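Engineer: structure here, sequence nowhere to be found:
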């Protein structure tokens, strides 16, 4: 009997990939463990092995096909002597033809289209009007920012686990070893406490390190150096020496990776004087803020997000595009409520704003972009207009970023509030593994919509 | 890789001997004065005195060249004086005054000097070890031929990050001398009560790091070992470990109950192996200096320390505005 072979998911967050190459052809006999195909994602190229023995009855997806969704049937395995009857196939039979050879290599439609708002209103643009825009993933934007800064300053180097030969665990540093060589793109052993300390010492010694943590969950092994060594030395030395450096990596929940790999540290680091804390949402912000972070003379915690890495946004095509810290971005103007978020929280904030618009509620959506320094004036100014505030983040509720904002707004704009501030956060639990529980543990768009309705008394 | 036997013989001039005597005496008298000021309530918080360990830093500084770096733990006054930082600035930091090396914002455990290549003064046990390797990393990156002395105690030697650092320092051949100041007690826990390892420097062998044990009460022995270590690093052979066996006469900090060792043990070390007395004997028996010469040095040191103490009392407390400065560069 025929068995469908499905497009595999090669990582927790993979949604689609490229079927780069078939290593078998129709009629070939395969055994369990034989490599059948090469699958590429934006993160990795993997060999895909047969799990059953049989004969390749049909190849449903031609090699070279891009954007093949996970779980799409890509081939059919039949038993020896059996032939494949397409009309009897259980599901989809339409063959996907390979793209023509001259197909452009640039990414197709931005994946973020669903998340992006209908109209982006920028009150304070980060770049001149009319600047040419290029669709870029957050992943590419981060790499471009690091590479540009490394070209301009010999003292900047990148160190971390798998940043060099492996090209980055999440492929952020793809191609950097080739361009800058092993002196400046340095694979470390798995030893966060040690290499965070060595990098901090190198910063004391006059270099400008970029430290990649494979994820910020692992930075807990190193947090003493981030705080006690990097953040406090300038003060303790009476201004004589500090640590100009960037600690960066994915932060927060990815998908189905469980409690120890799914924590949002925004509120933790935001508390520490001496640190600057950045948590971008869009690719343009990731690029402009990363360049600023590398040039900053202080330790910068740069919180990325694995799910956002593959999303595309327009990035201005400028020789030297930077965004100052402490400047929020107003993604969408509105009059009825202010929604403040940052990082991946913006996905929910913007989706909620779209839904609310359908109900006639006009939401102003602010992306903080940097948490320390935090652009509270923009938030307060907005609240004075809308008189209502909802904050959105994936982190835990107690001592959240939102609770700090709520407290500041209460102290600075109490008379302007027409409703108590609602802070939307992740649930107060370690991250569960089960798909349904994980979804419930994170903040949802519906919860943001409900919070807005609560503060607008609708 | 093999341990070298330390030898007491040394080609050393009378002037050098007098310099070591003077520098060790400065540390001793400075620390005694700090102890007094602490008792008078002029110094607060934690205060870890270096008395007994003077030969370690003075011997190793004699092996250093201009531009070499040093970093250490919270027992750091001796290191700062030995590398030439101003006694008045150190003492005024202890009293938390504006004239302190960190403007009164660092305290006993946190002082720095870019000019003297002194990178602290770190209060987290063992944290200075990767930081020191990082300084060496920067020097190797720049190719400037400099060496970093990274000091830590027998207590810190049991921290995991020390071994993470050993691994990378050897892997990347960093020019760092790891100086284990084994003063026999981590606070109140003797080495024998914290490890079964017969020696601490030999743990480097697991990472392929060369090293040796050194008599840390003899400044000449320390200097010679320091020269071997520095030559190894400067030749591009990677890190080197010196386990310098020394002894702290005073408590771990000012609030030490002194219940973990006997008074006789301390007394025996003071009377038989004191590093300053050893050099004094060499100077006198070798007729390199007379009693009067040494008295003159004693007086000079006493004056320096008294001036430092006066400065530390007269310097005003930092202005309240200083609370808000130096948080960001």
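Structural biologist: Received the coordinates, thanks. Computed from a predicted model, the values in this text were never measured in an experiment.

Engineer: just give the nearest non-adjacent residue to residue A:148, would you?
Structural biologist: Nearest non-adjacent residue to residue A:148, counting by C-beta to C-beta, 6 or more residues apart in numbering or on different chains: residue A:291, 6.5 Å away. Quick note: C-beta positions are derived from backbone N, CA and C, even for glycine.

Engineer: other SSEs contacting the helix or strand where the one you found lies?
Structural biologist: Element membership for residue A:291, per DSSP states H and E: helix A:283-295. Using 3 or more C-beta pairs under 8 Å, 6 or more residues apart in numbering or on different chains; DSSP states H and E as the contact test, the elements touching helix A:283-295 are strand A:133-137, helix A:138-152, strand A:245-250, strand A:276-278, strand A:299-304, strand A:312-316.

Engineer: three-state assignment of the residue of the stretch 151-300 of chain B found nearest chain A?
Structural biologist: Per C-beta to the nearest C-beta, residue B:164 is where the stretch 151-300 of chain B lies closest to chain A, at 2.8 Å. Here residue B:164 is helix, with the state taken from DSSP: H, G, I helix; E, B strand; the rest coil.

Engineer: do I have it right that it meets residue A:193?
Structural biologist: Yes. At 5.8 Å, residue B:164 counts as touching residue A:193 under the criterion of C-beta atoms under 8 Å.

Engineer: now do the contacts for residue A:215.
Structural biologist: By C-beta atoms under 8 Å, 6 or more residues apart in numbering or on different chains, residue A:215 lies in contact with A:249, A:250, A:251, A:254, A:261, A:306.

Engineer: enumerate every residue touching the closest residue to the second one other than its chain neighbours.
Structural biologist: When the adjacent residues along the chain are set aside, residue A:250 lies closest to residue A:306, with 4.3 Å between them (C-beta to C-beta, 6+ apart). For residue A:306, the residues meeting the contact criterion (C-beta under 8 Å, 6+ apart) are A:13, A:170, A:215, A:250, A:252, A:254, A:255.

Engineer: mind listing what's buried along the worst-scoring helix or strand of chain A on mean pLDDT?
Structural biologist: Least confident element among the helices and strands of chain A, by mean pLDDT, DSSP states H and E: strand A:45-49 (a mean of 83). Buried positions in strand A:45-49, judged by neighbour count with 16 or more other C-beta atoms under 10 Å in any protein chain shown: A:46, A:48.

Engineer: ok, residues contacting the helix or strand following it?
Structural biologist: From strand A:45-49 onward toward the C-terminus, using DSSP H and E, the following helix or strand is strand A:54-59. With contacts defined as C-beta under 8 Å, 6+ apart, strand A:54-59 is touched by A:2-3, A:22, A:24-30, A:36, A:74-80, A:82-84, A:86.

Engineer: with stretch A:131-140 instead?
Structural biologist: For stretch A:131-140, the external contacting residues (C-beta under 8 Å, 6+ apart) are A:42, A:106-107, A:110-111, A:144, A:170-172, A:174, A:280, A:282-284, A:286-287, A:304-305, A:308-318.

Engineer: give me the number of residues near residue B:165?
Structural biologist: Close neighbours of residue B:165, defined as other C-beta atoms under 10 Å in any protein chain shown, add up to 33.

Engineer: ok, back up a step: shared neighbours, residue B:164 and residue A:193?
Structural biologist: Counting by C-beta under 8 Å, 6+ apart, the shared contacts of residue B:164 and residue A:193 are residue B:130.
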